[in-house]
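1. any chance you could fold what I've pasted below:
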Amino acid sequence: MKLAPIAVLISLSLSSISAYYNPYKRDLDLLYREPISGPYTKNEVASVEELWLDQKQDHFDEHSNETWKMRYFRNAKYHIPQGPIFIFVGGEWTISPGLMSTGLTHDMAVENSGMLFYTEHRYYGLSLPHGMESFQLRHLEQLNLHQSLADLAHFIRHQKSKNPEMKDSKVILVGGSYSGSLVAWMTELYPELIVASWASSAPLLAKADFYGESDMALYSSAIIMVFFLEYMELVERSIQLSYGHSCSQRIENGFNYLVKLFDDNEIQNLLKKFNGCEDYNPRNPLDRAAFFNGLGNYFALVVQSYRAYIPRLCETLMSLDANDEVAFLRFLELLYSEGRRSGDCQDFGYSSMLQLFSEDSDQSSGTRAWFYQTCNEFGWYTTTTSQSSSPGTFASQVPLSYFEKLCQDAFGAEQTAQKLAEGVQRTNMKFGGFGFNQSERYAQVIFTHGQLDPWHALGQQKGQQAIVLTGESFAKMIESLRLFSCHAPQATRIVRTWAAFGLRIAFR
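-> Below you'll find the predicted structure:
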């Protein structure tokens with residue numbers, strides 16, 4: 001049996017700091033990890049500097065001058081005076097110097113004698129506006145996309161005004177996933193600062209319930225009927241494309257069997273084999289939803305960020321037994337093996353999921369900060385319930401109400417479902433979702449998506465400046481041009497042309 005390759009992902013884990021083992025922490029931490037740009041050596045990062053810039057805590061309060069220090073990296077190795085500035089915009093993660101020494105942004109800077117910057121988003125990594133108190137509810141009000149875009153605008157103005165060799169440099173932004181959304185939205189609010197932006201896997205439509213039904217989407221000037229495949233349906237499709245129907249069917253049968261164990265009140269016997277805590281209540285809808293949400297996050301993680309492991313995952317799953325149900329349960333034994341060996345029981349309940357978003361939890365991975373943003377601006381919740389007659393591969397056990405309850409329990413009684421809905425509507429009204437004519441809006445942005453990346457459903461996929469790469473995930477699209485061109489030569493040419501186009505326009 002080919003168990004070794006997938007064991008890399010199955011065994012990745014962080015130690016629990018509580019009196020119980022949290023089986024959900026590992027996958028959420030990895031989902032919020034910095035994009036992987038490719039291998040690099042110690043010598044390659046020697047030219048990367050870690051620097052800090054004073055930012056206002058609140059850019060929109062004229063009466064406050066309180067500041068904090070934003071971290072960023074700089075690589076000036078290739079820059080010539082007035083050469084272009086390439087900024088990789090940080091998202092919901094801790095930044096590291098790797099993206100300044102390898103990856104597609106680095107390669108474009110080399111080709112164009114550019115300056116390289118990598119900014120860290122407020123409330124993530126070491127960029128904490130209120131220090132260790134930043135995650136207290138009273139301070140989280142300053143965590144929103146408008147403040148982060150204002151941070152970026154100040155950063156650009158500061159670099160160009162303080163360094164004579166960049167006074168006339170043209171600025172190109174690069175971002176992936178949420179930070180890809182930011183670089184697109186930056187051109188909407190601060191177009192005078194940027195000549196071009198590359199948005200990779202950027203979701204543009206805020207949406208609370210990422211489900212698979214027709215939906216009335218509100219944009220700045222119209223209400224448009226659109227159809228979505230839900231996030232988890234796209235995870236299923238990606239598994240089928242990468243390995244075949246047999247694997248996704250086995251996963252679907254496994255999930256349906258788990259539903260039966262819950263319905264028959266027999267799930268406790270299985271959880272005991274996984275060293276599950278005795279107080280887990282399978283009759284509690286929140287405990288039940290948390291279990292399926294946590295398990296779904298694992299498969300989403302593999303598809304979204306570790307595409308190369310999909311065939312290996314499926315090979316492992318298909319080799320464990322001829323019977324779908326038996327094989328799936330044996331796979332779960334592997335998946336939860338770290339917790340099985342723990343001296344503390346594994347808490348599969350709702351409280352275990354909620355703990356990851358609480359104020360006193362370890363926030364090194366940004367889980368509380370990101371969840372706060374989704375509760376107030378974006379939604380993007382990976383539900384699995386729909387009006388479809390078919391339950392789908394991941395069953396229909398995780399409703400929107402589960403995430404709404406998490407928001408309220410994590411951030412207080414005022415964090416209501418209505419507040420979430422209003423925040424989603426404000427984001428779409430301001431930035432237009434993906435219902436726009438690119439000749440009129442976001443004209444200097446190129447959008448790229450991986451076919452296997454579930455987030456592409458909420459991004460711009462049509463038009464001459466939008467590319468969907470067959471068989472690729474998000475992570476593959478920020479790799480070095482040397483690697484990227486082997487997989488997607490057409491996209492590489494387009495990205496290079498886009499960068500050159502932006503620079504030509506700037507120098508006219």
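2. can you tell me the SS state at Arg74?
-> strand (DSSP: H, G, I helix; E, B strand; the rest coil).
3. list the buried residues in the one helix or strand Thr187 maps to.
-> Per DSSP states H and E: Thr187 is located in helix 178-189. Residues of helix 178-189 classed as buried: 178-187 (neighbour count, 16 or more other CB atoms under 10 Å). Any C-beta I mention is one placed from the backbone N, CA and C, and that applies to glycine too.
4. which one of the residues you listed is nearest to Gly339?
-> Tyr178 (29.4 Å; CB to CB).
5. what helix or strand is the nearest residue to the closest one once chain neighbours are set aside on?
-> Nearest residue to Tyr178 in three dimensions, chain neighbours excluded: Gly91, at 4.4 Å (CB to CB, 6 or more residues apart in numbering). If you go by DSSP H and E, Gly91 is not part of any helix or strand.
6. okay, now the unreliable bits of this protein?
-> Low-confidence segments of the chain (pLDDT under 70): 1-18, 211-230, 361-362, 386-393, 435, 473-508.
7. repeat that with 50
-> 1-8, 11-17, 212-228, 389, 505-508 (pLDDT under 50).
8. all the strands of it, residue numbers only.
-> Secondary structure of the chain (DSSP state E): strands located at 48-56, 67-75, 85-89, 115-119, 171-176, 196-200, 207-209, 214-218, 223-227, 379-381, 445-450, 466-469.
9. out of those, nearest to Arg138?
-> strand 67-75 (15.3 Å).
10. which strands border that closest one, and is each parallel or antiparallel?
-> Its sheet considered, strand 67-75 pairs with strand 48-56 (antiparallel), strand 115-119 (antiparallel) by DSSP bridges.
11. hey, which of these is tucked in deepest?
-> The highest mean neighbour count among the strands paired with strand 67-75, using mean count of other CB atoms under 10 Å, belongs to strand 115-119: a mean of 25.
12. and the angle for that strand with strand 85-89?
-> 20 degrees (axes from the mean of the first three to the mean of the last three CA atoms, to 10 degrees).
13. how far does strand 115-119 sit from its chain's centre?
-> 20 Å (CA atoms, centre = their mean, to the nearest Å).
14. quick revisit: the helix holding Thr187 vs strand 171-176, what angle?
-> Calculated by the same axes, to 10 degrees, helix 178-189 forms an angle of 140 degrees with strand 171-176.
15. what packs against helix 178-189?
-> Counting contacts by 3 or more CB pairs under 8 Å, 6 or more residues apart in numbering; DSSP states H and E, helix 178-189 is packed against strand 85-89, helix 145-162, strand 171-176, strand 196-200, helix 417-431, strand 445-450.
16. now the angle from it to helix 145-162?
-> Using the same axes, to 10 degrees: helix 178-189 against helix 145-162 is 70 degrees.
17. what does helix 178-189 contact?
-> Outside helix 178-189, the residues within contact range by CB atoms under 8 Å, 6 or more residues apart in numbering are 88-92, 121, 145-146, 148-149, 152-153, 173-175, 193-194, 197-204, 430-432, 441-442, 444-445, 447, 459.
18. go on, stretch 259-278?
-> Contacts of stretch 259-278 (CB under 8 Å, 6+ apart): 20-21, 258, 280, 282-283, 288, 329, 332-333, 336, 339-342, 345-349, 391, 395, 397.
19. OK, contacts around the closest residue to Thr470 other than its chain neighbours?
-> Using CB to CB, 6+ apart and skipping residues adjacent in sequence, the residue nearest Thr470 is Gln451, 5.1 Å away. Gln451 sits next to 238, 241, 468-472 when contact means CB under 8 Å, 6+ apart.
20. how close does Gln451 get to Leu241?
-> Relative to Leu241, Gln451 is positioned 7 Å away (CB to CB, to the nearest Å).
21. common neighbours of those two, please.
-> Shared contacts of Gln451 and Leu241 (CB under 8 Å, 6+ apart): Gly471.
22. adding distance to Leu356 and neighbour count, write the contacts of Gln451 out as CSV.
-> Output for the contacts of Gln451, formatted as CSV (distance: CB to CB, whole Å; neighbours: other CB atoms under 10 Å):
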residue, distance to Leu356, neighbour count
Ser238, 25, 25
Leu241, 31, 15
Val468, 32, 16
Leu469, 32, 21
Thr470, 35, 10
Gly471, 32, 14
Glu472, 30, 22
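23. out of those residues, which comes closest to Ser127?
-> Glu472 (30.1 Å).
24. correct me, but Leu152 touches Thr119?
-> Yes: assessed by CB atoms under 8 Å, Leu152 is found in contact with Thr119 at 6.4 Å.
25. packing partners for the longest helix along the chain?
-> The longest helix of the chain (DSSP state H) is helix 285-305. The contact analysis (3+ CB pairs under 8 Å, 6+ apart) places helix 285-305 against helix 25-31, helix 231-242, helix 245-263, helix 310-319, helix 324-335, helix 350-355, helix 400-411.
26. kindly reformat the ones you listed as TSV containing distance to Thr105.
-> What follows is these, written out as TSV (distance: least, CB to CB, whole Å):
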stretch	distance to Thr105
helix 25-31	22
helix 231-242	25
helix 245-263	34
helix 310-319	26
helix 324-335	34
helix 350-355	34
helix 400-411	33
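27. for those helices, which one sits closest to Thr374?
-> Closest approach to Thr374 among these is made by helix 400-411 (8.0 Å; CB to CB).
28. helices or strands next to the closest one in the packing?
-> Packing contacts for helix 400-411, counted by 3+ CB pairs under 8 Å, 6+ apart, involve strand 207-209, helix 285-305, helix 350-355, helix 367-373, helix 417-431.
29. okay, angle between that helix and helix 417-431 too, please.
-> Using the same axes, to 10 degrees: helix 400-411 against helix 417-431 is 100 degrees.
30. dump helix 400-411 to CSV, restricted to CA.
-> Provided in CSV are the C-alpha atoms of helix 400-411 (Å, rounded to 0.1, in the frame of the first residue of the first chain):
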residue,chain,number,x,y,z
LEU,A,400,-24.7,28.8,6.8
SER,A,401,-26.4,29.1,10.3
TYR,A,402,-23.4,27.2,11.7
PHE,A,403,-20.9,29.9,10.5
GLU,A,404,-23.3,32.6,11.6
LYS,A,405,-23.3,31.1,15.1
LEU,A,406,-19.5,30.9,15.1
CYS,A,407,-19.3,34.6,14.2
GLN,A,408,-21.6,35.6,17.0
ASP,A,409,-20.0,33.4,19.6
ALA,A,410,-16.5,34.5,18.6
PHE,A,411,-17.2,38.3,18.4
